[in-house]
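1. this is a predicted model, with the sequence first.
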Amino acid sequence: MRLASVFAAIIGLVLIGALVGYFGVEAVTRSLIAVGWIGFAVICLIHLALIAAMGIAWASELEHGETFTTLELKINFMKPVWRGHLLAEGKVVKRGRTVGLVECDVFDEKGSLVARASSTCMTLRAEMAKGR
């Protein structure tokens, strides 16, 4: 199943699993290498996979009429990746009434950790959620 985003479809993000509080995507870096964007594009791909996995994991627990925003985002890149499949798994670690913590790990096709991210998210309700 492809994600709805046109950009996600172009770079090859594929949904691999979704549960409440969990979201996994797979990314294929070969499509970026073919265009010649090796270093920067792979970093952007990893970043996009992290954001998608964490954001959708958090959004999966929202109530009707709620939305959210990111208060803080930290990414640690652990090793270079030149080509192959990447797996991003995002999960809600701690959810409070308004603020919580989401984490995501990105693995290469050998199961080795490529990047780890954490994000503080804030749920927006009522007036704060309007227009977002």
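-> Arrived safely, thanks for sending.
2. excluding its backbone neighbours, what's nearest A49?
-> In this structure, A49 finds its nearest non-sequential neighbour in A88, 3.7 Å apart by CB to CB, 6 or more residues apart in numbering. For the C-beta atoms, the positions are set from N, CA and C on the backbone; glycine is no exception.
3. low-scoring stretches of the protein, by residue?
-> Scanning the chain for pLDDT under 70 picks out 1-42, 44-45, 129, 131-132.
4. residue boundaries of the helices in it?
-> 6-11, 30-35, 38-59, 126-129 (DSSP state H).
5. might one say that the residue nearest to A49 is in contact with V106?
-> Yes: judged on CB atoms under 8 Å, A88 makes contact with V106 at a distance of 4.8 Å.
6. can you list residues touching both of the two?
-> Residues touching both A88 and V106 (CB atoms under 8 Å, 6 or more residues apart in numbering) are 46, 49-50.
7. of the residues you listed, closest to P80?
-> Among the shared contacts of A88 and V106, I46 lies closest to P80 (CB to CB), at 10.4 Å.
8. residues contacting that closest one?
-> 27, 77, 81, 86, 88, 106, 114-115.
9. determine which two of those residues are furthest apart.
-> A27 and F77 (14.6 Å).
10. out of the two, which sits in the busier spot?
-> Between A27 and F77, A27 has the larger neighbour count (other CB atoms under 10 Å), namely 24 against 15.
11. distance of the nearest residue to D108 once chain neighbours are set aside relative to G100?
-> Sequence neighbours aside, V114 is the residue nearest to D108 in space, at 5.3 Å (criterion: CB to CB, 6+ apart). Distance of V114 to G100, computed by CB to CB, to the nearest Å: 24 Å.
12. got the end-to-end distance for stretch 54-69?
-> Terminal residues of stretch 54-69 lie 12 Å apart, using CA to CA, to the nearest Å.
13. any idea how many residues pack against K94?
-> K94, neighbours per other CB under 10 Å, totals 10.
14. which ones are touching it?
-> Residues near K94 by CB under 8 Å, 6+ apart: 100-101.
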